[in-house]
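Student: Fold the following, please.
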Amino acid sequence: MANPTGAPAQPIADAPSATASGIGLVLFRLVALGFGLLGLWVMWYAIDLVYYTPVGPGPGFFPMWLGGALALLSFAILALSLSGLSPALPADIIPARTPAMQMGVTFGSIAFFALAVERAGFVVTMFLVLLVLMLVNRVRLFPTALVVALVGSVGVGYAFVQWLGVFLPATPFGLLSAIGL
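Tutor: Okay, the predicted model is just below:
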């Protein structure tokens, strides 16, 4: 059979091998369940917010609908997975060691930032997070990682505080008080 240009048709490449069992399927179902519960949690807290005001949607409008959509879609994915109608999962759904480590360090860095920003200040915390993320992704320490982390933390902090007037937690060590950070 020929395609519209007249060239002979090429066979479709085989899809990667897939499996619908094992730890990947269990993790898939747990993630779907987790997102479904997250959607219900968002809806639960949106109940206390004003749904509609005289001028339009209130602060509870979007959380209610987005939480409902997240819960509905997540539970539908979970139900399809349990019924066996979901598409097969690739055999390599669980990442290899290096990508898994990079993902873990990224999530850990986000958690560290959330816990440390009030205590250590924005600039110091952002500098450490940027430096760790670049080192995990194999960026050379000197000069690239240090320069990007320094410019990214001090530059963004300065722009937000001085130019945009946004409050960012100040560094308690007095290192950066001369420029308002």
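Student: Look up which helix or strand Gly108 falls in, please.
Tutor: Following DSSP states H and E, one finds Gly108 within helix 97-120.
Student: and the following helix or strand past that helix, average pLDDT?
Tutor: Sequence order places helix 122-136 as the next helix or strand after helix 97-120, per DSSP H and E. For helix 122-136, the mean pLDDT works out to 96.
Student: Helix 122-136 packs against which elements?
Tutor: helix 97-120, helix 146-150, helix 156-158 (3 or more CB pairs under 8 Å, 6 or more residues apart in numbering; DSSP states H and E). C-betas here are computed from N, CA, C, even on glycine.
Student: try it again with 6 Å
Tutor: With contacts taken as 3 or more CB pairs under 6 Å, 6 or more residues apart in numbering; DSSP states H and E, helix 122-136 sits against helix 97-120, helix 146-150.
Student: what angle separates the helix holding Gly108 from helix 122-136?
Tutor: Here the directions of helix 97-120 and helix 122-136 differ by 170 degrees (axes from the mean of the first three to the mean of the last three CA atoms, to 10 degrees).
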